[in-house]
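Visitor: quick one, fold the following:
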Amino acid sequence: MSYDDGYQQGYYDGKSAKRTAENTSAFINMLFAFLLLFLQFLYYCIIFSGSLILSHLLLKSLGVTDKTGTWEYLLYLFGVGYIMVCLIFFIKGIMIQYRIAQNKIWIPLFILCLSVVCLIPIVLFRLLIYDWFFRSYDLKSASPLLWPTIVSWLLATILGAIVYRKYRLTEDYVINLAAWSYILGIKAGRKLNK
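Guide: Next up is the predicted model:
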């Protein structure tokens, strides 16, 4: 038996094997944690997509996209997106107070919030889903097929329902991130309702 044979045998037995198993397990756990973190980030990007789209359009119209680097732009995008989410919850607080007082002004406010929260993302999701998965079907035939359009609208509507479920526009509910603006909206709604 040579030195190499003993080394290989010792590598796979005893402490080295245990250490290797622990390292592999730790790596798999870390990889799984990063995957969950990424999926949670993706989920919140979908939830706040209406605000992120509006903040991108605002930043682009102000010319911020041309003057900043990628990381600066992302900071601006998420900062303005947060302000948009707070503005939506502020309007929602006013809307809830008008709805409780049975004042019909709550309906246009609801439509405004619904447009930002759901309708803009639904249209965007529909365009993305259609472009990613069904664009090749239109190129193969002279007339567009109906089922890719229906499937893309259906999937986009499901994503929109998930987004709406998080915001719960007609309920007295707020996410912790924007609770302060919702409370200010409720106070403002009470004062405006008198």
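Visitor: buried stuff in stretch 36-54?
Guide: Neighbour-count burial for stretch 36-54, counted by 16 or more other Cβ atoms under 10 Å, picks out I46, I47, F48, S49, G50, S51, L52, I53, L54. Bear in mind the C-beta positions are built from the backbone N, C-alpha and C, glycine included.
Visitor: so after the least confident helix or strand in the chain by mean pLDDT, what's the next helix or strand?
Guide: Comparing every helix and strand of the chain by mean pLDDT, DSSP states H and E singles out helix 3-12 as the least confident one, with a mean of 55. Heading C-terminal from helix 3-12, the first helix or strand you meet, by DSSP states H and E, is helix 14-47.
Visitor: how big is the angle separating the helix or strand following that following helix from helix 14-47?
Guide: Per DSSP H and E, the first helix or strand lying C-terminal to helix 14-47 is helix 49-62. Relative orientation of helix 49-62 and helix 14-47, computed by axes from the mean of the first three to the mean of the last three Cα atoms, to 10 degrees: 70 degrees.
Visitor: so what touches helix 49-62?
Guide: By Cβ atoms under 8 Å, 6 or more residues apart in numbering, the residues outside helix 49-62 that reach it are 45, 65, 73, 76-78, 80-85, 88, 116-118, 120-121, 124-125, 163.
Visitor: list buried residues within those residues.
Guide: Looks like the contacts of helix 49-62 have 73, 76-77, 80-85, 88, 116-118, 120-121, 124-125, 163 buried, using 16+ other Cβ under 10 Å.
Visitor: among the residues you listed, which ones are in helices?
Guide: Using DSSP state H, the members of the buried ones among the contacts of helix 49-62 that fall in helices are 73, 76-77, 80-85, 88, 120-121, 124-125, 163.
Visitor: nearest to I150, of the residues you listed?
Guide: F125 (14.4 Å; Cβ to Cβ).
Visitor: with L39 as the reference, measure out to the closest one.
Guide: Look at F125 and L39: by Cβ to Cβ, to the nearest Å, they are 17 Å apart.
Visitor: repeat that for I158.
Guide: I158 sits at a distance of 17 Å from L39 (criterion: Cβ to Cβ).
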